[in-house]
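[1] coords below, sequence missing:
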């Protein structure tokens with residue numbers, strides 16, 4: 001019988017590969033951006049269709065973005081920020097302070 005392994009051990013082993021770490025980081029960024037847009041949209045009481053109309057997107061594109069399904073360009077992020085009454089701010093943070 002094979003030894004059972006813990007999820008954290010399997011995850012660490014999988015992320016030891018540079019390409020896997022890169023894909024994981026890209027997914028994290030997409031998820032965090034999508035979550036931030038969804039939270040702001042909901043706080044404003046907007047539907048995905050309303051946000052899409054204000055940003056020049058289809059509702060389905062907003063849904064995909066909020067689910068973390070697409071990596072946005074800076075111009076798209078600017079359009080979403082404007083439609084949500086925000087200003088896009090891009091910056092760098094030291095890795096020891098990153099969450």
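    Thanks, I have the structure now. Worth saying up front: this structure is predicted, and the values here are computed from it rather than measured.

[2] buried ones in the helix of greatest length in the chain?
    Longest helix in the chain by number of residues, with DSSP state H as the criterion: helix 18-43. Judged by neighbour count (16 or more other Cβ atoms under 10 Å), helix 18-43 contains these buried residues: 30, 33-34, 37-38, 40-41. To be clear about C-beta, it is placed using only N, CA and C from the backbone, and glycine gets the same treatment.

[3] check stretch 59-78 too.
    So stretch 59-78, judged by 16+ other Cβ under 10 Å, has buried residues 61-63, 65-66, 68, 72, 76-78.

[4] now stretch 45-62
    Across stretch 45-62, burial judged by 16+ other Cβ under 10 Å covers 46, 48, 51-52, 54-55, 57, 61-62.

[5] which SSE is residue 53 in?
    helix 48-55 (DSSP states H and E).

[6] picking that back up, from the buried residues of stretch 59-78, which land in helices?
    Short answer: those in helices (DSSP H) are 61-63, 65-66, 76-78.

[7] what's the closest of those residues to residue 93?
    residue 77 (17.0 Å; Cβ to Cβ).

[8] might you report the residue contacts of the spatially closest residue to the closest one that is not a sequence neighbour?
    Closest residue to residue 77 apart from its sequence neighbours, by Cβ to Cβ, 6 or more residues apart in numbering: residue 88 at 5.3 Å. If you count contacts by Cβ atoms under 8 Å, 6 or more residues apart in numbering, residue 88 has them with 74, 77-78, 81.

[9] apply 7 Å and report the result again.
    77-78, 81 (Cβ atoms under 7 Å, 6 or more residues apart in numbering).

[10] residue 63 is in contact with residue 34, correct?
    No - taking contacts as Cβ atoms under 7 Å, residue 34 lies outside contact range of residue 63: 9.5 Å.
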